[in-house]
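1. the sequence isn't on hand, but the structure is:
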């Protein structure tokens, strides 16, 4: 599995990149994910986006001790997503390659997702509520992206995992 990480993510989780200084093209693969560490209000979060479908996870970073702890949480999320769509994912046999994010379109899509989360966090705070991360994931994955031909990540991931109509 390939994880493309932002500088903020690499710094927060003290990750060593697999091919530091080497330009590796960022292909839109189903087994590649982009990760970005961000603070929303006072909450540290990791926004994780699949490179092929833009499917997004919002993972709380509070209490995450290091990269290994984050990696286990991410594998659990991916396993559950694959299972929900009738696909198999062997979390016990995954190797990770850490690379820098390079695709400007994917970085822009990630920035859009972060802006959406910030907007909904602000709305929640103004109404005296907490940001519901599960609801944020649902909204992010129902949002159409121009880079997907205005398809949404949830529908596209379902198609890619063989459960939806192409």
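-> Here it is on my side, so go on. Since the structure is predicted, the reported quantities are computational estimates derived from the model, not experimental observations. Numbering: from 1, shown residues only.

2. quick one: the strands in this protein?
-> If you assign secondary structure with DSSP state E, the strands in the chain sit at 2-5, 32-40, 43-50, 56-60, 97-100.

3. for the last one, buried residues please.
-> Buried residues in strand 97-100, counting neighbours by 16 or more other CB atoms under 10 Å, are found at 98, 99, 100. Bear in mind the C-beta positions are built from the backbone N, C-alpha and C, glycine included.

4. for the residue positioned nearest the centre of the chain, which residues are in contact?
-> Nearest residue to the geometric centre of the chain (CA atoms, centre = their mean): residue 48, 1.4 Å. Residues touching residue 48, when contacts are defined by CB atoms under 8 Å, 6 or more residues apart in numbering, comprise 33, 34, 35, 56, 57, 58, 59, 74, 77.

5. chain center to the helix or strand of the chain with the lowest mean pLDDT: distance?
-> Confidence across the helices and strands of the chain bottoms out at strand 97-100, with a mean of 89, counting by mean pLDDT, DSSP states H and E. Relative to its parent chain, strand 97-100 has a centroid offset of 14 Å by CA atoms, centre = their mean, to the nearest Å.

6. before we move on, what about stretch 4-11?
-> For stretch 4-11, the distance from its own C-alpha centre to the chain's C-alpha centre is 12 Å (CA atoms, centre = their mean).

7. residues contacting that stretch, please?
-> Contact with stretch 4-11 is made by 15, 17, 26, 32-38, 46, 51, 98-103, 106, as judged by CB under 8 Å, 6+ apart.

8. which of those residues count as buried?
-> If we count by 16+ other CB under 10 Å, the contacts of stretch 4-11 have these buried: 15, 17, 26, 32-38, 46, 51, 98-101, 103, 106.

9. coming back round to it: residue 83 is nearest to which of the strands of the chain?
-> strand 56-60 (14.5 Å; CB to CB).

10. roughly how far is the closest one from the heart of the chain?
-> Distance of strand 56-60 from the chain centroid (CA atoms, centre = their mean) equals 6 Å.

11. just the angle between that strand and strand 43-50, please?
-> Taking axes from the mean of the first three to the mean of the last three CA atoms, to 10 degrees, one finds strand 56-60 and strand 43-50 inclined to each other by 150 degrees.

12. much appreciated, bye for now.
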